[in-house]
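Student: here are the coordinates; sequence isn't available:
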């Protein structure tokens, strides 16, 4: 079965242009419109596939748009989201974007055409202009606008907590290690909390960041290890960053936690078979997932929510790296 993307490719236009032709909305040049209509006819494309299936009843499909199902944090989140949806007879449509903005835009366009009941979105790209208010949406880790509710952990407090724990463990010059997205997301508050607490405590600190996504891990960590050899504590923006640092530091004979204390963020590694067990700021993943769906249900029913952003508390989980 042909997709809207196939039509766009055949007509040589963007997916959004095809959508405007189908919905007869927005300005489209006559010549472009003819190309799109010709492609639709040639491919026998029928829009609103899912909406047609639900023509006589309310949709029970909710879409989850996330950057990568491979990442343990997103996988755990998806598990609890699906479980909460299943309790009320809803089904999950997984949209794995790979963090690519063009793929996110394609999914958003498709979901708006197909009239899903609601969308849970996790995106770190600049796509705010393409997010529709017509479908109930709850965002995780990203505040868009008053009409799109955001659920997140208390990233700022997590950053403060990480700094205090590093100092408590004996670190005298801790560093924040992370990456910078093109738009502000709640995850950036991890850095801000870290900096605030360091200044409050009078602790010398380092901030090391590169644009997200980091394309060359070896170059990223090599530069850090050369430039900041005097750092004795690491707060990594995610557990994955922390794990990658520990592996590369080990190649240089740097011992964790004897030489450098390391704290991650997420809490994805909790199995005793993995060593070293990472000290981390644990997000309440299950609570975040279930709250997200419960808030989405309220929005589906047309209810007005009390808050724009819901921040859930985090905790420090001691491991073997501090």
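Tutor: Great, that's in hand. Owing to the predicted nature of the structure, the values given are computational and were not obtained by experimental measurement.
Student: can you give me the helices for the chain?
Tutor: Shown for the chain, the helices assigned by DSSP state H span residues 4-11, 15-23, 30-43, 49-53, 72-87, 101-113, 155-168, 189-201, 217-227, 239-251, 285-300.
Student: out of these, nearest to residue 311?
Tutor: helix 155-168 (8.0 Å; C-beta to C-beta). In short, each C-beta sits where N, CA and C put it, glycine included.
Student: What's the mean pLDDT across the closest one?
Tutor: Average pLDDT, helix 155-168: 98.
Student: tilt between that helix and helix 189-201?
Tutor: 50 degrees (axes from the mean of the first three to the mean of the last three C-alpha atoms, to 10 degrees).
Student: buried set for helix 155-168?
Tutor: For helix 155-168, a neighbour-count test (16 or more other C-beta atoms under 10 Å) marks 155-167 as buried.
Student: among the helices of the chain, which gets the worst mean confidence?
Tutor: Looking at those, the bottom one is helix 49-53 with a mean of 48.
Student: tell me the domain ranges of the protein?
Tutor: 4-56, 61-153+285-312, 155-283 (the TED database).
Student: Off-centre distance for the first one?
Tutor: Domain 4-56 has its C-alpha centroid displaced from the chain centroid by 29 Å (C-alpha atoms, centre = their mean, to the nearest Å).
Student: Kindly report the same for the longest one.
Tutor: In terms of C-alpha atoms, centre = their mean, the centre of domain 155-283 is found 19 Å from the chain centre.
Student: which residues touch residue 94?
Tutor: 63-64, 66, 69, 78 (C-beta atoms under 8 Å, 6 or more residues apart in numbering).
Student: Quick check: bridge partners of it?
Tutor: residue 64 (DSSP bridges).
Student: Grab the nearest non-local neighbour of residue 47.
Tutor: Leaving out its chain neighbours, the residue that sits closest to residue 47 by C-beta to C-beta, 6 or more residues apart in numbering is residue 22, at 5.1 Å.
Student: pretty sure that neighbour contacts residue 113?
Tutor: Yes. Applying C-beta atoms under 8 Å as the test, residue 22 and residue 113 come out as touching, 7.3 Å apart.
Student: what residues do the two have in common as contacts?
Tutor: Contact with both residue 22 and residue 113 is made by residues 4, 47, according to C-beta under 8 Å, 6+ apart.
Student: follow-up on the earlier one: of the helices of the chain, which is nearest residue 59?
Tutor: helix 49-53 (7.4 Å).
Student: Quick one: residues contacting the spatially most central residue of the chain.
Tutor: For the chain, residue 122 is the residue whose C-alpha lies nearest the centre (C-alpha atoms, centre = their mean; 4.0 Å). Residues near residue 122 by C-beta under 8 Å, 6+ apart: 64-67, 74, 77, 139-142.
Student: try 6 Å
Tutor: Residues near residue 122 by C-beta atoms under 6 Å, 6 or more residues apart in numbering: 66, 140.
Student: Over to residue 212?
Tutor: By C-beta under 6 Å, 6+ apart, the neighbours of residue 212 are 179-181.
Student: Likewise for residue 5?
Tutor: 15, 106.
Student: Over to residue 82?
Tutor: So residue 82 contacts residue 92 (C-beta under 6 Å, 6+ apart).
Student: switch the cut-off to 10 Å
Tutor: Contacts for residue 82 were tallied using C-beta atoms under 10 Å, 6 or more residues apart in numbering; they are 62, 64, 90-92, 94, 289, 293.
Student: Also residue 314?
Tutor: Counted by C-beta under 10 Å, 6+ apart, residue 314 has contacts 153-159, 161-162, 190, 265-267, 280-284.
Student: what's the answer for residue 90, then?
Tutor: With C-beta under 10 Å, 6+ apart, residue 90 has these contacts: 59-62, 81-82, 84, 116-118, 293, 296-297, 300.
Student: do residue 120 as well
Tutor: 62-66, 77-78, 81, 85, 92, 95, 136-140, 151, 289, 292-293, 295-296 are the contacts of residue 120 under C-beta under 10 Å, 6+ apart.
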